[in-house]
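Enquirer: here's my sequence, what's the structure:
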Amino acid sequence: MIAGIAKRLLRRPRYSAFEPLDLDGRQRAEALRSALADLADDPYLMLADTGWRLLSVFDDLRYDRADMDMMTGPMRAYAARRLAPMGFRQATGSTLDNPALDTRIHIPRFRALGASPFDAVRDTPRRAQDYYLLTPTQTAAHIVRHYTVDDAVERIKALVVRQPVDLLRLSDYLEQRSDHQDFLRAIGHLKYVQRVAVESAPLSRRRALR
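Expert: Predicted structure coming up:
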């Protein structure tokens, strides 16, 4: 059994998020970033972070901290439909592929009912040119993990005014480390910013994806 697991692990792609791109790769990546700029006014899909190549899609305005945080069928379908004009096609249930730009968009598989949003991409390796498509809460967790507290707060403020985050669920999975506890003290402010956005146009007019 152990030997079988080892063989499966060896067969898995070992992509690095930091593998440098050659000149052609950088040009393709820049072409895609320019195309994704068209999402600036999209009501449900956004380029949430260029540095970490995060796309975020949402379908609801309000959360309960016990809600499942997962990519629903309507969220997947909307993203696929919106990205199709940019050359992306559904390759598998968890990837959108653009052969011309040699770029894939990875949708992490649903892990478990009580899974931490901080673990969303743990088993989803990618190459330097690839992107993740995440829920807003998974996106916020990725930002908390990879930025300083002050930067994370500012970036998540920019996220929640367009896509509400399950902030209580996020806070439930913060660890007992100093940066996470510092971020926890900003949750109240982020909840206020999000509440104002949800009660105001254009977010107040959004309807859940169906």
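
Enquirer: give me the low-pLDDT residue ranges for the chain?
Expert: Counting by pLDDT under 70, the ranges of the chain that qualify are 1-19, 113.

Enquirer: mind listing the strands for it?
Expert: Listed from the start of the chain, the chain has strands (DSSP state E) covering 45-49, 54-57, 89-92, 95-98, 103-106, 131-134.

Enquirer: so which elements touch the third one?
Expert: I take that to be strand 89-92. In terms of contacts (3 or more C-beta pairs under 8 Å, 6 or more residues apart in numbering; DSSP states H and E), strand 89-92 is packed against strand 95-98. C-beta: built from backbone N, CA, C; applies to glycine.

Enquirer: parallel or antiparallel, which strands does the strand it packs on pair with?
Expert: According to DSSP bridges, the neighbouring strands of strand 95-98, each with its direction, are strand 89-92 (antiparallel), strand 103-106 (antiparallel).

Enquirer: quick one: buried residues of stretch 111-129?
Expert: Residues of stretch 111-129 classed as buried: Ala115, Ser116, Pro117, Phe118, Ala120, Val121, Thr124, Arg126, Arg127, Gln129 (neighbour count, 16 or more other C-beta atoms under 10 Å).

Enquirer: how about stretch 72-85?
Expert: Those would be Thr72, Met75, Arg76, Tyr78, Ala79, Ala80, Arg82, Leu83, for stretch 72-85 by 16+ other C-beta under 10 Å.
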